[in-house]
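K.L.:
Could you work out the structure for the sequence below:
(chains A and B)
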Amino acid sequence: EDKVVQSPLSLVVHEGDTVTLNCSYEVTNFRSLLWYKQEKKAPTFLFMLTSSGIEKKSGRLSSILDKKELFSILNITATQTGDSAVYLCAPGGSNYKLTFGKGTLLTVNP
Amino acid sequence: EAGVAQSPRYKIIEKRQSVAFWCNPISGHATLYWYQQILGQGPKLLIQFQNNGVVDDSQLPKDRFSAERLKGVDSTLKIQPAKLEDSAVYLCASSFGAGGTTDTQYFGPGTRLTVL
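P.N.:
Presented below is the predicted three-dimensional model:
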């Protein structure tokens, strides 16, 4: 059975802090790993990672994948209150079926 | 570009009643997914369609859940009869193809179901 473990489950920081969210996985026929941000609605897409060691960046967010050690990290620098959300990690296996972790609840206080 | 549309947004029913959810994917997206998200958990795939065919329904509780995508566009998910543990947000997502390095899933706003 495919497994995804995200850590920490919750995190409280102050604006301006840098955070690192972790995702470890065991997925059959791994193809790619996706990160989503979920506020009080639908998950919104952040990154898709397919190759090890290649960092993807979007503004203050970045992510990297290690296919040998089976993990990914999501970094957010200079956090803002608008970054408060649940961050979901979802590796894709056969048929690109996504298995979601429980998510990391990030709270950024002013 | 219009996103994934879902209705209703909220539904409250009593246990043993029936309920149906509707999803219209992004135009041109061949693949459609239904997920169940229980509070505090990540979304769990219930069923995946490619056009009007089922690709994966291994986690769909078939004794009470059914889904169809007859014309390969919009889709309906039904629960009959509902149980208390079906209380969750039901998310619909769509993607352009059947998978690939550029095949990102885009989610609709979800339907929040409460079973009393």
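
K.L.:
which residues of chain A fall in strands?
P.N.:
Secondary structure of chain A (DSSP state E): strands at A:3-7, A:10-14, A:19-26, A:32-38, A:43-49, A:56-58, A:61-66, A:71-76, A:85-92, A:104-109.

K.L.:
so can I have JSON lines of the ones you listed showing distance to B:Ser95?
P.N.:
In this view, the C-beta of every residue, glycine as well, is placed from N, C-alpha and C. Listed next are those as JSON lines, based on distance: least, C-beta to C-beta, whole Å:
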{"stretch": "strand A:3-7", "distance to B:Ser95": "19"}
{"stretch": "strand A:10-14", "distance to B:Ser95": "30"}
{"stretch": "strand A:19-26", "distance to B:Ser95": "20"}
{"stretch": "strand A:32-38", "distance to B:Ser95": "11"}
{"stretch": "strand A:43-49", "distance to B:Ser95": "10"}
{"stretch": "strand A:56-58", "distance to B:Ser95": "19"}
{"stretch": "strand A:61-66", "distance to B:Ser95": "20"}
{"stretch": "strand A:71-76", "distance to B:Ser95": "20"}
{"stretch": "strand A:85-92", "distance to B:Ser95": "11"}
{"stretch": "strand A:104-109", "distance to B:Ser95": "24"}
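
K.L.:
mind showing which ranges of chain B have poor pLDDT?
P.N.:
B:1, B:98-102 (pLDDT under 70).

K.L.:
Specify the local secondary structure of the spatially most central residue of it.
P.N.:
By C-alpha atoms, centre = their mean, chain B has its centre lying nearest to B:Trp34, at 2.6 Å. The assignment at B:Trp34 comes out as strand when based on DSSP: H, G, I helix; E, B strand; the rest coil.

K.L.:
and chain B, which of its residues are near chain A?
P.N.:
Along chain B, the residues adjacent to chain A under the rule C-beta under 8 Å from any C-beta of the partner chain are B:4, B:40-45, B:48, B:55-56, B:91, B:95, B:98-110.

K.L.:
now do 10 Å
P.N.:
B:3-4, B:6, B:9, B:31, B:33, B:35, B:37, B:40-45, B:48, B:50, B:55-56, B:58-59, B:89, B:91-93, B:95, B:97-110 (C-beta under 10 Å from any C-beta of the partner chain).

K.L.:
so where does B:Lys11 fall, helix or strand?
P.N.:
strand B:10-13 (DSSP states H and E).

K.L.:
returning to that earlier point: closest to B:Asp63 out of the strands of chain A?
P.N.:
Among the strands of chain A, the nearest to B:Asp63 by C-beta to C-beta is strand A:3-7 (26.2 Å).

K.L.:
List the buried residues of that closest one.
P.N.:
Buried positions in strand A:3-7, judged by neighbour count with 16 or more other C-beta atoms under 10 Å in any protein chain shown: A:Val4, A:Gln6.

K.L.:
quick one on the thing from earlier: among the strands of chain A, show me which one is buried the most.
P.N.:
Comparing those by mean neighbour count (mean count of other C-beta atoms under 10 Å in any protein chain shown), strand A:85-92 ranks first with a mean of 25.

K.L.:
That one close to chain B?
P.N.:
Yes. Using C-beta under 10 Å from any C-beta, strand A:85-92 reaches chain B at A:Val86, A:Leu88, A:Cys89, A:Ala90, A:Gly92.

K.L.:
Now that the fourth one has come up, it's in contact with A:Trp35, right?
P.N.:
Think A:Ala90. Yes. Between A:Ala90 and A:Trp35 there is a contact at 7.6 Å, judged by C-beta atoms under 10 Å.
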